[in-house]
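Undergrad: got a predicted structure here, sequence first:
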Amino acid sequence: MKTPLCTRLRHAAVLLLLTPAGLFAQAPSAPPPASHDFDFWLGEWNVTTPDGKVAGKSRIESVANGRGLLENWEGDPASGGGNGKSLNTYNAAKGQWQQFWVGSGGGVLELAGGLVDGRMVLTGRHVVRGATVTERISWSPNADGSVRQLWEQSRDDGRTWNVVFDGHYQRAKR
């Protein structure tokens, strides 16, 4: 006996809703509160080193309906700085922030972490010339609206750290 067309269409619609494409087509849920922990970094920034030298500029924008941050870094050409981008998002399934960075020199970083005492702290490990390097980058919001980014590396599993970059992000004037 043949199944009526309307029953077959109803079954097809249910199957479509159960496929991954059907799941993505559903209305988006509200992002978890932790997905806004990094919003203090949003904006247009002029970046200097601790001694006041220009390091570059950065534009951090909200993407994917507020689910992620896209960093657009332009290093100061006078000091040989490169360019790069990072995509940052809160991964609710893992309960952590994740960053994927790619620089114009070919460098790639994958970091993960979250808020620690009001600072966003992301870490990751990779191999450089046969040695394991641990990267730790922290972003600290300051009372005046600026942000400090401190990038450190350890080649001894976190026993000692060397500063790679210490940047002061000051909001760009319009």
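TA: Received it, and whenever you're ready, just let me know what you need.

Undergrad: any idea which helix or strand in the chain has the lowest mean pLDDT?
TA: helix 5-18 (a mean of 45; mean pLDDT, DSSP states H and E).

Undergrad: how much space is there between residue 83 and residue 117?
TA: Computed as Cβ to Cβ, to the nearest Å, the residue 83 to residue 117 distance reads 31 Å. C-beta coordinates here come from the backbone N, C-alpha and C atoms, glycine included.

Undergrad: of these two, who's got more company?
TA: Neighbours per residue (other Cβ atoms under 10 Å) separate residue 83 from residue 117, with residue 83 holding more: 14 against 7.

Undergrad: with adjacent residues omitted, what lies nearest to that one?
TA: The shortest distance from residue 83 to any residue that is not its chain neighbour, by Cβ to Cβ, 6 or more residues apart in numbering, is 4.5 Å, and that residue is residue 104.

Undergrad: for residue 141, same thing?
TA: Counting by Cβ to Cβ, 6+ apart, the nearest residue to residue 141 once its immediate chain neighbours are dropped is residue 40, at 4.2 Å.

Undergrad: before we move on, back to that, angles on the backbone of the residue nearest to residue 83, please.
TA: phi -60, psi -20 (degrees, to the nearest 10).

Undergrad: and for it, the neighbour number?
TA: The local packing of residue 104 (other Cβ under 10 Å) involves 13 other residues.

Undergrad: that one is in contact with residue 84, isn't it?
TA: Yes - Residue 104 is within contact range of residue 84, at 5.9 Å (criterion: Cβ atoms under 8 Å).

Undergrad: what bridges to residue 120?
TA: Beta-bridge partners for residue 120, by DSSP bridges, are residue 115, residue 139.

Undergrad: ok, now which ones touch it?
TA: 37-38, 41, 97, 113-114, 138-139 (Cβ atoms under 8 Å, 6 or more residues apart in numbering).

Undergrad: which PyMOL command selects the buried ones in those?
TA: Selecting only the buried members of those in PyMOL, with burial defined as 16 or more other Cβ atoms under 10 Å, works like this:
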select buried, resi 38+41+97+113+114+138+139
